[in-house]
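In: test case, fold it:
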Amino acid sequence: MVASWIRACCLAWVLGASGLSGPAKMWRVGDYSKKLAASNLQDLHVFSIAKPAEASASSSHKRVWRWKEAVMGVGHDQFEAKPKTTRRLVETVALFGGGVVDEVVVLANCARLEIYVASPASGEVVAACAAAFLDDQVSSWQDQGGEVGVGALLSFMDRPSLITEPSIPFGGVELIADMTFQCSQIAAAAITISGSENVARHLSLIAVGLPTGRAYNTFSPFSSRDAHILLQLKRVLEYSSNIVSPSGFPPPCRARLGTLFRGALSAGKAARDPSIVPEINALRFTWSATAASAAAAAEGAVQKAVDPTISRIQAELLALDQGNSVVALREKARVAVDSAIAHAQVQTLGSLATKAVASAVGRKLHAPTMALRRGVKINETDVLEQVVAAALSAVGSP
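Out: Below is the predicted model:
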């Protein structure tokens, strides 16, 4: 009983227990948006669990993998994720994120189970919470008899009902470090990668066919088996992006993870295009391919497909952050001007005065807005003071 409670406490961050009054309550849309707007800029993380080696893997690692194969799919050649179950899994994390988990995508195939999140939390916190989330799902699946009887026989079916809503105790966030033994084993079996550049490289290499641990001299860009990862990435992106929640919540995957996954897909396609990576021509026919030519082609794919893609993803993510800064500045300016006009006891503005204020505010915001778009820091206090002064001058108030 105590272990289950601690496990749920550890789960609290990823499922947004902070501020909830009970397990059934979800954040209203307004609360969700406000909490995200108040948070730090989101960073990217991936919690990755590889297929366990039977001899050396822990019991918890194997237990998670049995759940993954039964619920998410076995993942043999030409495998595609179960769409309904995948949608339910990412939607569960998103709906119970409480404004803490901004975006989430789950990739589950024959080689790996990975949870991608956009969040202001540290990688250590993401690892603890992802481990607890998986432990909670696995325990629920086992309680339903998932490993025995009819449940085991139906593992080939797409059954979203196997993804359960978690039970979250109030105020459990502070106990996030107190993981159960099973949680700690799951966390130890995984690798957690943080930072947009590192996560972009990790996923781009997977898309190219050079995941962590694969030797460059085994690179096989013309293998249909290896290229199938592109379809898998495309599908999980679709499953996580095209979700319309009856509660009004946004899709689990939006701008940041969408940029990441679309970029990785472009890297995977570029690495298999001889016009971009001519070194792969030596691998077109198996009789002419050698380990040396495969390694050279892999180096070419990284330099000409992966590295440019990472730079492009970084630039797009930076533009998103700058865009958010511009929106925040404009909103602060609007609030400051409204407050100043009300304080000055200016009568209701007519259409001409309203246009004059808007024009004056726009002129004052132009330069700082362009500075933010270039990534240049501004003195926000000075900008707002100038904006308010311009607005009051436009309505003739001293």
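In: hey, where'd the strands end up in the stretch 1-150 of the chain?
Out: Counting by DSSP state E, counting those that start in this stretch, one finds strands in the stretch 1-150 of the chain at the ranges 43-50, 103-108, 112-119.
In: how about TSV for those, with mean neighbour count and distance to residue 335 added?
Out: C-beta here means a position set from N, CA and C on the backbone, and glycine is covered the same way. Compiled in TSV, the strands of the stretch 1-150 of the chain are given as follows (neighbours: other Cβ atoms under 10 Å; distance: least, Cβ to Cβ, whole Å):
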stretch	mean neighbour count	distance to residue 335
strand 43-50	23	28
strand 103-108	25	27
strand 112-119	25	27
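In: reformat those as TSV; add mean pLDDT and distance to residue 231.
Out: Listed next are the strands of the stretch 1-150 of the chain as TSV, based on pLDDT from 0 to 100; distance: least, Cβ to Cβ, whole Å:
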stretch	mean pLDDT	distance to residue 231
strand 43-50	94	20
strand 103-108	93	12
strand 112-119	93	16
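In: make TSV from those strands and add distance to residue 323 to it.
Out: Converted to TSV, the strands of the stretch 1-150 of the chain look like this (distance: least, Cβ to Cβ, whole Å):
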stretch	distance to residue 323
strand 43-50	17
strand 103-108	16
strand 112-119	15
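In: which one, of these, ends up nearest to residue 256?
Out: Of all the strands of the stretch 1-150 of the chain, strand 112-119 sits nearest to residue 256, with 4.4 Å by Cβ to Cβ.
In: hang on, the earlier thing: which one of the strands of the stretch 1-150 of the chain lies closest to residue 262?
Out: When the strands of the stretch 1-150 of the chain are ranked by proximity to residue 262, the top entry is strand 103-108, at 11.6 Å, counting by Cβ to Cβ.
In: who's in contact with that closest one?
Out: 42, 68, 72-73, 75, 81, 86, 89-90, 93-94, 97, 113-118, 232-233, 236-237, 240, 252-254, 256-257, 261 (Cβ atoms under 8 Å, 6 or more residues apart in numbering).
In: drop anything exposed from those residues.
Out: 42, 68, 72-73, 75, 81, 86, 89-90, 93-94, 97, 113-118, 232-233, 236-237, 240, 252-254, 256-257, 261 (16 or more other Cβ atoms under 10 Å).
In: return the subset of these lying in helices.
Out: Judged by DSSP state H, the buried ones among the contacts of strand 103-108 include 86, 89-90, 93-94, 232-233, 236-237, 240, 256-257, 261 as members of helices.
In: between these, which is nearest residue 320?
Out: Among those, and counting by Cβ to Cβ, the member closest to residue 320 is residue 256, at 6.5 Å.
In: residues contacting the closest one?
Out: Residue 256 touches 42, 44, 102-103, 118, 317, 320, counting by Cβ under 8 Å, 6+ apart.
In: could these be laid out in JSON lines, adding distance to residue 145?
Out: Below are the contacts of residue 256 laid out as JSON lines (distance: Cβ to Cβ, whole Å):
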{"residue": "42", "distance to residue 145": "39"}
{"residue": "44", "distance to residue 145": "37"}
{"residue": "102", "distance to residue 145": "35"}
{"residue": "103", "distance to residue 145": "33"}
{"residue": "118", "distance to residue 145": "35"}
{"residue": "317", "distance to residue 145": "44"}
{"residue": "320", "distance to residue 145": "45"}
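In: nearest to residue 266 among the residues you listed?
Out: Closest approach between the contacts of residue 256 and residue 266, by Cβ to Cβ: residue 317, at 14.7 Å.
In: roughly how far apart are the closest one and residue 375?
Out: Distance from residue 317 to residue 375, counting by Cβ to Cβ, to the nearest Å: 12 Å.
In: ok, now residue 236?
Out: 31 Å.
In: do the same with residue 120
Out: For residue 120, the distance to residue 375 equals 19 Å [Cβ to Cβ].
In: please apply the same query to residue 114.
Out: Per Cβ to Cβ, residue 114 is found 30 Å from residue 375.
In: and residue 276, by the same measure?
Out: Distance, residue 276 to residue 375, by Cβ to Cβ: 29 Å.
In: go on, residue 157?
Out: From residue 157 to residue 375 the distance is 49 Å (Cβ to Cβ).
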